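Undergrad: Below are the sequence and a predicted model for it; my questions follow.
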Amino acid sequence: MIVDLTQMQPKEAGIVKEIHGGPGFMRKLQSMGVRSEKKIIKVSSHFWRGPQTIEVDNIQIAVGFGMARRILVEVKR
Amino acid sequence: MKIEKILLVGNPNVGKSAIFARLTGAKVIISNYPGTTVGFTQGKIKIGNEYVMVIDVPGTYTLEPTCKAEDVACRMINEGGLIINIVDATNLERNLHLTLQLLERDIPVIIALNMWDDTKHRGIHIDIKKLEEELGVPVVPTCALSGEGIKELIGRLKEAGSKALPVSSDSQKWEKIGRITQEVQKLSHRHHTLLERLEDLSIKPLSGVPIASGLIYCAFWVVRFIGEGMIKYILEPLFMNLWLPIVVKLSNLLGEGNFLHHILIGNFIEGKINFGLSFGLLTTGLYVPIAMVLPYIFSFYLVLGFLEDLGYLPRLAVLADNFMHHLGLHGYAIIPFILGLGCKVPGVLAVRILEEKREKFIAATLLAIGIPCMAQIAMIVGLVGQRGGKYVAIIFLVLLLLLIIKGLVLNKVLKGSSPEILVEIPPYRMPQVQAVVKKLWMRLSGFLKEALPLVLLGVLFVNILYTLKIIDFFAYLFTPVLTGLWGLPKEAISALVVGFLRKDVAVGMLGPLNLATKQLVVGSTVLALYFPCIATYIVLIRELGVKDTLKSISIMIVAALLIGTLLNLIL
């Protein structure tokens, strides 16, 4: 099923399917290793709509809540 | 081929600054969080008989800029030169995207495969020969921290080749990268190291917040322990046993009461020279910066340098993100705040890492108002601390509350919203003693070079104003505010005047006034609020422009008037 990044559980893995946003945002995410068909692992999410941290290619990235809502991920549940 | 200049280009956090330091031997700040090198550093390297300029280009993920730092990077690359593309060997796939973009330009490129030593315990095996074949340019494994591979890198500079590959789309590049990494890289299973477990724990909210609180508490404890120890066991004895006899001799030679004695030695306190209170150039002028402030500057920057190089600060930024949003900032703004605790000048400069004008204004204003610098903190602790720790706590609590209220208000009043955080969290790396010491030394010598002359100037200035009775005029002018609103004696005006130059001396000037504890608390708080010191003022103008600086300063003056009056009424 497809969820957005904020809905993933800690330690859950998924495949990035879609990213919505302006070209600058997309490019920055892509260059940090987050792009379609990439496997990512959710590390943690912070309280009260805080940043979401994910791991991609051995590197951890923190993504603001609003941005994370625009990253759609396929997970197995 | 003659090399005109060398550009170090790579993603953030790949050790560019470290390679730069290795190549040039220049003193640069090496840090573990992304974006330290907005603006740029340049140095020289000797190749054969010639010196070639080396430029440390700000870290960038792409040649199509998405932020200011990347924009600077792109412009520098367009100006030409030989490019050393620094690639993080532990993160080949992502780093190669920039490499492919570079190879599409008509500029000579050589690749330094940095953090080579890290690949071993991360279970990554890279076939260098194959990678060279795939890319068509030299690839040299390096480890900037130990210096491994740097000689070979310099030796092979002349082999750097310009590929000028046909321009391809992003998805074509990723496809190619996927193929290359599959060919050259093999991953084997590895055990999580202790540091990696800590990485996970310190970023999860449930364990991260306690770890952050504990770490900050420890950091302050260590800063205090080292600072106090240095004062008690090194600097105090040094001044009392070695310097005092010399000053006493000079004082006898000059004879009390004349102008020169007044300037150099200052006033006798209870018939004796008192380093803290006499206020001469050779007494208080040296004692305050060296014996009272320097130890804390030393210990603060030692601890900060360690945390920076460990890679902890970006984690703190993520943990603080939520809270900072209420102040109209995102978590990353905590980094200028932390730097500001050392000195506001680097703090204000670090505001550059924030992208939007609104954020920059809020961060710089809050920094100027609510974050006392270490010199000031040391003096407040030294002076007010004698009356009881409670009063020191009151001052800092008031400043913190004010910072939060200011942030909440500015966030409401200013148009726009706070942008979101999007940062890479680098892995923990054990700080290298050499790098931490180098950075500490730069910061300490910076303090001595910039602060010491200003402190001396401040003491001189006030003594002259006193002698010329100008201070009396100011005191007369400001008595309504000083005495009426804040409940301070009119003599406190001298502290406010000196506060324009240095806040530490200004706090020190409250000492000889024999203030009541309440007055001391009001005075110290007002001094922290009413105006930035001259050095901060200059960088504020440079970073924000005149108009925004004036806005920011008016906020400060209003805050000082209000808070001073309130404290005077409540306490």
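TA: Received it, and whenever you're ready, just let me know what you need.

Undergrad: rest of the way, CA atoms for contacts and neighbours
TA: OK.

Undergrad: how far does the lowest-mean-pLDDT helix or strand in chain B sit from the chain's center?
TA: Here the helix or strand of chain B ranked lowest by mean pLDDT, DSSP states H and E is helix B:68-78, holding a mean of 74. From the chain centre to the centre of helix B:68-78 is a distance of 23 Å (C-alpha atoms, centre = their mean, to the nearest Å).

Undergrad: before we move on, what about stretch B:535-554?
TA: 18 Å.

Undergrad: The longest helix seen in chain B - contacts with which helices or strands?
TA: The longest helix of chain B (DSSP state H) is helix B:433-467. Packing partners of helix B:433-467 (3 or more C-alpha pairs under 8 Å, 6 or more residues apart in numbering or on different chains; DSSP states H and E): helix B:259-264, helix B:284-286, helix B:294-310, helix B:470-479, helix B:493-499, helix B:503-509.

Undergrad: returning to that earlier point: check whether the least confident helix or strand of chain B contacts chain A.
TA: No: Helix B:68-78 does not reach chain A (C-alpha under 8 Å from any C-alpha of the partner chain); its nearest approach is 10.7 Å.

Undergrad: looking at chain A, which helix or strand is least sure?
TA: Ranked by mean pLDDT, DSSP H and E, the weakest helix or strand in chain A is helix A:23-31, scoring a mean of 79.

Undergrad: Give me the contacts around that helix.
TA: When contacts are defined by C-alpha atoms under 8 Å, 6 or more residues apart in numbering or on different chains, helix A:23-31 is touched by residues A:19, A:20, A:35, B:61, B:62, B:66, B:94, B:97.

Undergrad: Could you single out the most deeply buried of the helices and strands packed on helix B:433-467?
TA: Ranked by mean neighbour count, the helices and strands packed on helix B:433-467 are led by helix B:503-509 with a mean of 27 (mean count of other C-alpha atoms under 10 Å in any protein chain shown).

Undergrad: Which elements pack onto that helix?
TA: Other helices and strands packing on helix B:503-509, by 3+ C-alpha pairs under 8 Å, 6+ apart, are helix B:374-384, helix B:433-467, helix B:493-499, helix B:517-529.

Undergrad: Next secondary structure element downstream of the first one?
TA: For helix B:374-384, the following helix or strand on the C-terminal side (DSSP states H and E) is helix B:389-413.

Undergrad: which residues are contacting the helix or strand just after that following helix?
TA: Scanning forward in sequence from helix B:389-413 by DSSP H and E, the next helix or strand is strand B:422-425. Contact partners of strand B:422-425, identified using C-alpha under 8 Å, 6+ apart, comprise A:32, A:59, A:60, A:61, A:62, A:63, A:64, B:33, B:34, B:311, B:314, B:315.

Undergrad: what do you get for stretch B:230-245?
TA: With C-alpha under 8 Å, 6+ apart as the test, stretch B:230-245 has contacts from B:287, B:290, B:291, B:292, B:295.

Undergrad: Equivalent analysis for stretch B:445-452, please.
TA: Residues outside stretch B:445-452 that contact it (C-alpha under 8 Å, 6+ apart): B:286, B:289, B:502.

Undergrad: Off-centre distance for the least confident helix or strand of chain A?
TA: With C-alpha atoms, centre = their mean as the basis, helix A:23-31 stands 13 Å off its chain's centre.

Undergrad: cool, and stretch B:367-377?
TA: So, by C-alpha atoms, centre = their mean, the centroid of stretch B:367-377 is 13 Å from its chain's centroid.

Undergrad: what pLDDT, on average, does it get?
TA: For stretch B:367-377, mean pLDDT rounds to 88.

Undergrad: Restricting to C-alpha, output it in CSV.
TA: Extracted in CSV, the C-alpha atoms of stretch B:367-377 (Å, rounded to 0.1, in the frame of the first residue of the first chain):
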residue,chain,number,x,y,z
LEU,B,367,20.7,36.2,18.9
ALA,B,368,21.5,39.8,19.6
ILE,B,369,18.9,40.1,22.3
GLY,B,370,18.7,36.8,24.2
ILE,B,371,22.0,35.1,23.9
PRO,B,372,24.8,36.5,26.1
CYS,B,373,28.3,35.8,24.8
MET,B,374,30.8,33.8,26.9
ALA,B,375,32.8,36.9,27.9
GLN,B,376,29.6,38.4,29.3
ILE,B,377,28.5,35.1,30.9
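
Undergrad: Could you identify the least confident member of the contacts of helix A:23-31?
TA: Among the contacts of helix A:23-31, pLDDT bottoms out at residue B:66, giving 66.

Undergrad: Need the nearest residue in space to the most centrally placed residue in chain B, chain neighbours excluded.
TA: Residue closest to the average C-alpha location in chain B (C-alpha atoms, centre = their mean): residue B:339, at 3.8 Å. Of all residues not flanking residue B:339 in the chain, residue B:347 sits nearest, at 4.8 Å (C-alpha to C-alpha, 6 or more residues apart in numbering or on different chains).

Undergrad: Output the contacting helices and strands for the strand or helix carrying that neighbour.
TA: Element membership for residue B:347 (DSSP H and E) is helix B:344-350. If you count contacts as 3+ C-alpha pairs under 8 Å, 6+ apart, helix B:344-350 packs onto helix B:334-342, helix B:357-370, helix B:534-544.

Undergrad: between those helices, which one is nearest to residue B:249?
TA: Across these, residue B:249 has its closest neighbour in helix B:534-544 (34.9 Å, C-alpha to C-alpha).

Undergrad: So which of the helices and strands packed on helix B:503-509 is nearest residue B:45?
TA: Closest to residue B:45 of those, according to C-alpha to C-alpha: helix B:433-467, at 19.3 Å.

Undergrad: coming back round to it: on contacts alone, who are the packing partners of the least confident helix or strand of chain B?
TA: Packing contacts for helix B:68-78, counted by 3+ C-alpha pairs under 8 Å, 6+ apart, involve no helix or strand.

Undergrad: And the contacts of that helix?
TA: Here helix B:68-78 makes contact (C-alpha under 8 Å, 6+ apart) with B:7, B:9, B:35, B:38-39, B:57-65, B:355.

Undergrad: mind running it again at 7 Å?
TA: B:38, B:57, B:58, B:59, B:60, B:63, B:65 (C-alpha atoms under 7 Å, 6 or more residues apart in numbering or on different chains).

Undergrad: mind saving the C-alpha coords of the helix or strand just after it as PDB?
TA: Note on helix B:68-78: by DSSP H and E, the next helix or strand toward the C-terminus is strand B:82-88. What follows is strand B:82-88, C-alpha atoms only, in PDB (Å, rounded to 0.1, in the frame of the first residue of the first chain):
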ATOM      1  CA  LEU B  82      41.200  22.200 -12.300                       C
ATOM      2  CA  ILE B  83      38.600  20.400 -10.300                       C
ATOM      3  CA  ILE B  84      39.400  18.000  -7.500                       C
ATOM      4  CA  ASN B  85      36.000  16.300  -7.000                       C
ATOM      5  CA  ILE B  86      35.900  15.000  -3.500                       C
ATOM      6  CA  VAL B  87      33.700  12.000  -3.300                       C
ATOM      7  CA  ASP B  88      32.600  10.300   0.000                       C
END
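
Undergrad: Give the pairing partners of strand B:82-88; include direction for each.
TA: If you go by DSSP bridges, strand B:82-88 pairs up with strand B:5-10 (parallel), strand B:109-114 (parallel).

Undergrad: Just the mean pLDDT for the first one, thanks.
TA: Confidence over strand B:5-10 (mean pLDDT, whole number) is 90.

Undergrad: residue contacts, the closest residue to residue B:500 other than its chain neighbours?
TA: In space, and not counting its chain neighbours, residue B:500 is closest to residue B:533: 4.8 Å by C-alpha to C-alpha, 6+ apart. Residue B:533 is in contact with B:499, B:500, B:501, B:502, B:503, counting by C-alpha under 7 Å, 6+ apart.

Undergrad: Could I get the phi/psi values of residue B:533?
TA: Phi and psi for residue B:533, reported as degrees, to the nearest 10, are phi -70, psi 170.
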